[in-house]
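S.K.: Below: sequence and its predicted model.
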Amino acid sequence: MSAFSRSAAARARRRAGGHFRRVAAGLVFGAGGLGLGAGEALAQDAAPLPAPPPTAPASPLAVAQVNLGAPPLANPDLLPTPLTPAAPAPAPPGPQAWTITPSLNVSETYIDNVLMISAPRDSDVYTSINPSIAIVGDTQRVQATAVYDPSFMIFPGYSGLNQIDENGTAQATITLVPDTLFLNLQGFASTQATPGGSIGPFGYNPAFTEQITSFSIAPYIQHQFGDYGTGKLMYSLSDTNFGMSGLNGVNSYIPPSSQFPSYFNPFNGNLMTNEEQAQFTTGNFLGRLQLQSTADLQQYNGFGMGPDSYQNIYDNEFSYALTHSFALLFGGGWEDINYNMQPDIAIHDAIWDVGFKWKPNADSTIIATYGHKYGLTYPYLDGEYQLTKRTKINATYTEYLDTAPQAIQNNLANSTLLPNGQTTSTATGAPIAVANPFFALEQGLLETKLFNAGLTTAYDRDTFSLTVSHETDYSIATVPGILSYSDRMSYGTLSWTHTISDDLTATSSLTGGPMSFYVAGTPAQTFTTITGSTSLTYTISPTLSALATYTYMEFLGNLPGVSATANMVTIGLTKTFK
């Protein structure tokens, strides 16, 4: 089998309101989070990102574990050290142990083709209300970060488009018994178009939009046995839900002149994952050699999986430090995987991998391996490299088996949330997406290949970003009675942010790419999306800013009634309460 990975790009937390917020979400690539997009993300790269709060060591839902199951080295500058360090010692509470920052954005948007169809072109002015709250806590017992950013959209002329979108990410590590017992909590909420793409009727129409929520709770015991190593026992419960978006969850409006495939419509689904993990990581007594042995057992319930769907992986991963910045990685073990779907997928074989981890400087980390896992043999890359003082490049490539909710659970488990709302890879620190709004949400088991790459250059007043992403998904097992499909999607984004003055910033971006859908026995459905936007942000006071944005959208397809263009103008105000 070939494999393909599902990833997901971060949804930009813009205050432009409504549809532009969703368009902007596509401009901040993730899925490995490789590119930084316009606006906030670019500004973040121009200045050092805030350091994340201390968190528990990554507790992988093993499908997406870095390095084919080989955990990253804790700190190659201090080799040898445990591959998975002990829980960090909590910092003493400061005068501002908890910081809570609420804000409110209200915007009005004029669009000259509200249904995004070729004809008739009906216009509307809709209102977006976006309250937000950011929480950062750092005490002796609790380290927590949360950003909650819902969106209320009101269309006077088309009430069927009214909707409430839930968006947010939260992570917390709680010390129950110092140095021994911990509790890790994670949550995620987002909306995206079921067939992917950030514009066209998929961009804001709840008839094509999926509401995603995912939560996990993971108590674990961790103890360090002197120089011999660190042991860990963990149980994790993860629950991910897919549901139709819209006001009160109503799947409301499909343009009558359009002929979109029925599998583009949102669906309801739930996946509950139970995970048990035992792990031991050797300490310094082996010198340059380190070993991490892991038994990771997962049981799945829901999302079309029948009884006896599970994934059990037993892995031994070695690291040998050649220098303080370069380590060889190699390992092997056994996997037992079963997806009780149609057809039944059973994999029982050996796993192995070889590769390296290189940390050439404090701002760069590169992990590269080649190995066999999930019944697949493939290369793996996850890297971020500070090319010059101003320029950073990053890239990821991976393949594996998963379902859509598994991908979200795995990405959430392997990410760290920064105080500014950006999720980053626990392994390398590069931006990562929990869910990628560009790519489709399918029902069934997929083989996925994913590639992302990005380049960002920051000057005193200008920041440029280029990102590319490509994903191919093959449907290999289905939910009985549900039509499944394969897809291939590519996107690229070019963006520029210019600081005109201390109070005025301009941002321009261009994004687009093709996407194709394949159902057995039918012709391929192909679409292309193009979005260009430019905006001005003016800081009226330290707590009040204004935004004006123009957006052009073009959507092309090989089905009647789906090709269309639209122009949008948005003005809005954002108030931050301190």
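M.R.: Received the coordinates, thanks.

S.K.: Next up, the contacts around L237.
M.R.: Each residue near L237 by CB atoms under 8 Å, 6 or more residues apart in numbering is listed here: 216-218, 272-275. For glycine as for every other residue, the C-beta is placed from the backbone atoms N, C-alpha and C.

S.K.: Please give me every residue in contact with A548.
M.R.: Counting by CB under 8 Å, 6+ apart, A548 touches 535-536, 569-571.

S.K.: Mind picking the two most distant members of those residues?
M.R.: Pairwise distances across these peak at 11.9 Å for L536 and V569 (criterion: CB to CB).

S.K.: Please enumerate the shared neighbours of the two.
M.R.: Shared contacts of L536 and V569, counting by CB under 8 Å, 6+ apart, come down to 548-549.

S.K.: ok, back up a step: out of the contacts of A548, which one sits closest to T424?
M.R.: Using CB to CB, S535 comes nearest to T424 of those, at 25.3 Å.

S.K.: does that closest one sit in a helix or strand, and which one?
M.R.: strand 525-541 (DSSP states H and E).

S.K.: partners of that strand in the sheet?
M.R.: Next to strand 525-541 in the sheet, as set by DSSP bridges, lie strand 504-518 (antiparallel), strand 544-557 (antiparallel).

S.K.: Flag every buried residue along the longest one.
M.R.: So the one you mean is strand 504-518. Neighbour-count burial for strand 504-518 flags 505, 507, 509-513, 515-518 (criterion: 16 or more other CB atoms under 10 Å).

S.K.: repeat for stretch 569-578
M.R.: Applying 16+ other CB under 10 Å to stretch 569-578 flags 570-572, 574, 576 as buried.

S.K.: what is the mean pLDDT for that stretch?
M.R.: The predicted model assigns stretch 569-578 a mean pLDDT of 95.

S.K.: Contacts for it next, please.
M.R.: Applying CB under 8 Å, 6+ apart, the external contacts of stretch 569-578 come out as 15-18, 20, 101-110, 128, 542-551.

S.K.: Run the chain-centre distance for it.
M.R.: With CA atoms, centre = their mean, to the nearest Å as the basis, stretch 569-578 stands 26 Å off its chain's centre.

S.K.: try stretch 297-311
M.R.: Once both centres are worked out by CA atoms, centre = their mean, stretch 297-311 turns out to sit 23 Å from its chain's centre.

S.K.: tell me how far the ends of it are from each other?
M.R.: Distance across stretch 297-311, first residue to last, is 6 Å (CA to CA, to the nearest Å).

S.K.: where along this structure do the helices fall?
M.R.: Ranges of helices within the chain are 18-25, 40-46, 404-413, based on DSSP state H.

S.K.: So which of the contacts of L237 wins on neighbours?
M.R.: T273 (26 neighbours; other CB atoms under 10 Å).

S.K.: hmm, back to that, including distance to I164 and pLDDT, could the buried residues of strand 504-518 go into TSV?
M.R.: TSV is the format used below for these (distance: CB to CB, whole Å; pLDDT from 0 to 100):
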residue	distance to I164	pLDDT
T505	29	98
T507	27	98
S509	27	96
L510	30	95
T511	26	91
G512	29	90
G513	29	91
M515	27	88
S516	32	89
F517	28	87
Y518	33	86
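
S.K.: Just to check, A506 is in contact with I500?
M.R.: Yes: counting by CB atoms under 8 Å, A506 does reach I500; the two are 5.9 Å apart.

S.K.: So for P480, what's the nearest residue that isn't a sequence neighbour?
M.R.: Leaving aside its sequence neighbours, P480 sits nearest to Q342 (CB to CB, 6 or more residues apart in numbering; 5.2 Å).

S.K.: same deal with N361?
M.R.: Q386 (6.1 Å).

S.K.: What pLDDT is listed against that neighbour?
M.R.: pLDDT, Q386: 95.

S.K.: how far away is it from T423?
M.R.: For Q386, the distance to T423 (CB to CB, to the nearest Å) stands at 20 Å.

S.K.: and these two? which has more neighbours close in?
M.R.: T423 (26 against 16).

S.K.: That one bridge partners, please.
M.R.: On the basis of DSSP bridges, T423 is bridged to L417.

S.K.: pretty sure it contacts A435?
M.R.: No: between T423 and A435 there is no contact under CB under 8 Å: 10.2 Å.

S.K.: list the contacts for the spatially closest residue to Y320 that is not a sequence neighbour?
M.R.: Setting aside the residues directly before and after it, Y320 is nearest to L328 in space (CB to CB, 6+ apart), at 4.6 Å. Neighbour list for L328: 319-320, 322, 354-356 [criterion: CB under 8 Å, 6+ apart].

S.K.: how does it look with 10 Å?
M.R.: By CB atoms under 10 Å, 6 or more residues apart in numbering, the contact list for L328 reads 288-289, 318-322, 354-357.

S.K.: Using JSON lines, please lay out those together with distance to I476.
M.R.: Output for those, formatted as JSON lines (distance: CB to CB, whole Å):
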{"residue": "R288", "distance to I476": "41"}
{"residue": "L289", "distance to I476": "38"}
{"residue": "F318", "distance to I476": "32"}
{"residue": "S319", "distance to I476": "33"}
{"residue": "Y320", "distance to I476": "36"}
{"residue": "A321", "distance to I476": "39"}
{"residue": "L322", "distance to I476": "39"}
{"residue": "V354", "distance to I476": "27"}
{"residue": "G355", "distance to I476": "26"}
{"residue": "F356", "distance to I476": "31"}
{"residue": "K357", "distance to I476": "31"}
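
S.K.: Scan these and report the most crowded one.
M.R.: S319 (30 neighbours).

S.K.: Report pLDDT for it.
M.R.: pLDDT, S319: 96.

S.K.: wait, it sits on V354?
M.R.: No: S319 is beyond contact range of V354, at 11.7 Å (criterion: CB atoms under 10 Å).
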